[in-house]
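[1] Any chance you could fold what I've pasted below:
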Amino acid sequence: MGGYAGWHHQTVMKLEEKHHARLVCTCDPQPDHFAAQQEMWGFARRGVKVYRDYRDMLKACAREMDLLLVPTPIPLHAEMHRAGVEHGLAVYLEKPPTLDYVELEEMIARDRGAPKSTLVGFNFIVEKPRLALKERLLAGEFGPLREAHLSAMWARPRSYFNRNTWAGRLLGDDGRLILDSCFGNAMAHFVHNLLFWAGSPELMSWTEVSGVQAELYRAHDIEGADTFFVEARNPSGVVLRFALTHACPGPSSHAEILVCEHATVRYVVGQQAEVRWRDGRVERIVLEPFDALAENHLEYYRYLHGESPRPVTLLADSRPFVMLNDLAYVSSGTITPIPGSRISPVRNEKEQQDYLAINGLNHAMDEFLSLGRWPGAQGWERPDPPSLVTLDDLPRFRAAVDAMVAAGKPPRKD
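    Predicted coordinates for the structure are as follows:
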């Protein structure tokens, strides 16, 4: 019932009022901590049964259920997905499905025996303007895609990394992979979006990556990385660049940019899409208000009712994202701490929160996205340039993460 699950509870409550669904049961290891939320969500009035363990919940309620929703910490996704499939239920699995490419293949194989295919909750693929623009891209209206860029800055206070026991961690205390980061978790939607833009020849396709380079950095006192610079190429030669960070103050921002032969397309979720043609024409598309969770729920319900041929994002559609994430760690090889001289603390008095700002970050992101210049070569004190890795290097992934954990958090230079 905690974290992002609360947003799903709000969404399902609204959908229940419109007779689209009915919440049968829910669980949390500490349900007493959510007494106020249970009252706000009207559990007693709605007849929602509450359990402490999902296994007990499924044993008691599976026959009454059609769908299991899994908005839990990433390391729990695989076992909960397996339990849902074994009970004959469709599964709505929050993103990312997993961040372990080996575990993902096991989940894909398991899902083949499910009564209905699992939906992975990457929220923005279902947007109608996005789908319409990709149809135009595939039709050749903008010319061949040359490059695709993602710029994303989501301000997160220092307290964000204390929100639970796994925030900012690479591994759990039990040795299970976590890899919580802006790239793999918080902004995974946008990374997945960029791979969708570059996918072809069908509308519902995501591009594979044939080569990856990455530099990973940390400004916060965490085990993992809070700033990613990643470059990938797909088999068609399209260059994809990603610059993402949590080490910034102020309003959050992001943009997905497609550089084509005849036009550049800029897409900002929740704001607008813009097509700038090489001949000077500018086309602006206002994006209407969009309730991402409600739309994804409803689209999955349509699939379960046989009104739609497939879920928006299948487990198999997550392969490019998970492999890209894993290869970024292999390529980077280390997580470089940002020197203290490059970091400015920022206090937001209104929020009563403390943030960190990397000095020169905007310039570094612009240089990387537009020109491919790596921060490590621009004075960010990274010891080695990123290595070029391919899918053949995936078996090195776990060893690369273990080495990062063993290296620990070296003291920051002042």
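[2] What is the neighbour count of N123?
    Neighbour count of N123, defined by other Cβ atoms under 10 Å: 22. (Glycine included, C-beta is placed from N, CA and C.)
[3] Contact partners for it?
    Going by Cβ atoms under 8 Å, 6 or more residues apart in numbering, N123 touches K95, H189, A292, L293, N296.
[4] can I assume G250 is in contact with R156?
    No - at 11.6 Å, G250 does not count as touching R156 under the criterion of Cβ atoms under 8 Å.
[5] So these two - more neighbours on which side?
    Under the neighbour definition other Cβ under 10 Å, G250 and R156 were set side by side, and R156 has more, 23 against 11.
[6] what about the closest residue to the more buried one other than its chain neighbours, how many residues close to it?
    Closest residue to R156 apart from its sequence neighbours, by Cβ to Cβ, 6 or more residues apart in numbering: H246 at 4.2 Å. Other residues lying near H246 total 29 when counted by other Cβ under 10 Å.
[7] what do you get for A406?
    For A406, using other Cβ under 10 Å, the count is 7.
[8] Return the distance of it relative to Y101.
    Separation of A406 from Y101 (Cβ to Cβ, to the nearest Å) stands at 21 Å.
[9] so where do the strands sit in the stretch 101-250 of the chain?
    119-121, 145-153, 211-218, 227-233, 239-245 (DSSP state E, counting those that start in this stretch).
[10] Ok, which of these comes nearest I338?
    Closest to I338 of these, according to Cβ to Cβ: strand 211-218, at 5.6 Å.
[11] on that earlier part again, kindly reformat the strands of the stretch 101-250 of the chain as TSV containing mean neighbour count.
    Below are the strands of the stretch 101-250 of the chain laid out as TSV (neighbours: other Cβ atoms under 10 Å):
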stretch	mean neighbour count
strand 119-121	26
strand 145-153	21
strand 211-218	24
strand 227-233	25
strand 239-245	23
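[12] Which one of those lies nearest to D317?
    Here strand 119-121 is closest among the strands of the stretch 101-250 of the chain (Cβ to Cβ), at 7.1 Å.
[13] where does the residue located most distally from the centre of the chain sit relative to G143, distance-wise?
    Ranked by distance from the centre of the chain (Cα atoms, centre = their mean), the top residue is D279, with 35.3 Å. Separation of D279 from G143 (Cβ to Cβ) stands at 12 Å.
[14] So P235 is in contact with S210, correct?
    Yes - using Cβ under 8 Å, P235 makes contact with S210 at a distance of 5.1 Å.
[15] Give me the more crowded residue out of the two.
    S210 (13 against 10).
[16] Listing request: residues of the chain with sub-threshold pLDDT.
    The chain contains residues with pLDDT under 70 at 409-414.
[17] do you know how far the spatially most central residue of the chain is from L194?
    Centroid-nearest residue in the chain, with Cα atoms, centre = their mean: A188, separated by 1.6 Å. Using Cβ to Cβ, one obtains 11 Å as the distance from A188 to L194.
[18] List the residues that contact E307.
    Per Cβ under 8 Å, 6+ apart, neighbours of E307: none.
[19] now do 10 Å
    When contacts are counted by Cβ atoms under 10 Å, 6 or more residues apart in numbering, E307 touches E299, Y301.
[20] swap in K95?
    So K95 contacts 4, 71, 74, 77, 120-123, 184-185, 188-189, 191-192, 313, 318, 321 (Cβ under 10 Å, 6+ apart).
[21] Enumerate the helices of this protein by residue range, in sequence order.
    5-17, 35-40, 43-46, 54-61, 77-86, 101-111, 128-138, 188-197, 292-304, 319-332, 361-371, 397-407 (DSSP state H).
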